[in-house]
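when you get a sec, could you give me coordinates for this:
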Amino acid sequence: MKKIILKSIILLFILTVFGSNTNAQGVYITKLNDLEFGEVFIGYSSDVQDIDINAAKFSFYHTKKFYKNVYIQFVLPATLDNGASQIPILFDQSHTSASYSDQETGRTNFDPRNTVYIPNLRFRKTVYLWLGGSISTTPIMQYGTYSGTIILNVFY
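Residues are numbered from 1 along each chain as shown. Alright, predicted model coming up:
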């Protein structure tokens, strides 16, 4: 029996506030990890939780004096694409979390499809974000590398 797999699915990220280690108007964002599903057998599903090492990971802080009300928005793809075929991808509250420390415990889950509000964030206080997701392939999918773009917006 021949096994057919999808080769590593990696999501590329664009950070607005623009780059991989970015400063725009006093907000610094760093992408620490891409979301990667690895090799997925055609006809099966794959799930990456926010606590998984393959989840996307970001950190950010602002340098404006005192406290700012901060808003976080993700622009998420509905599918991963390889040019000839697509895989639906789902993001939800159970796959996404935030914390003031880079630890697995103490995280707060949030829905990445909605704007997240952080009131009174102290300047230079680092916030960590983790983003996972779920995909489900069909037996008739084409073999290949599938990718998508996620945009992270942080503003106040």
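
residue 102 contacts residue 128, doesn't it?
Yes: using Cβ atoms under 8 Å, residue 102 is in contact with residue 128, at 5.3 Å. C-beta: built from backbone N, CA, C; applies to glycine.

with neighbour numbers in mind, choose between those two.
residue 128 (18 against 11; other Cβ atoms under 10 Å).

ok, the more buried one to residue 98 distance?
Distance, residue 128 to residue 98, using Cβ to Cβ, to the nearest Å: 7 Å.

please apply the same query to residue 79.
With Cβ to Cβ as the criterion, residue 79 and residue 98 are 25 Å apart.

name the helix or strand of the protein that has the lowest mean pLDDT.
strand 5-16 (a mean of 41; mean pLDDT, DSSP states H and E).

residues in contact with the residue nearest the centre of the chain?
For the chain, the residue nearest the mean C-alpha position is residue 131 (3.7 Å; Cα atoms, centre = their mean). Counting by Cβ atoms under 8 Å, 6 or more residues apart in numbering, residue 131 touches 35, 50, 55, 56, 57, 58, 74, 91, 95, 96, 112, 150.

fine by me, we can end here.
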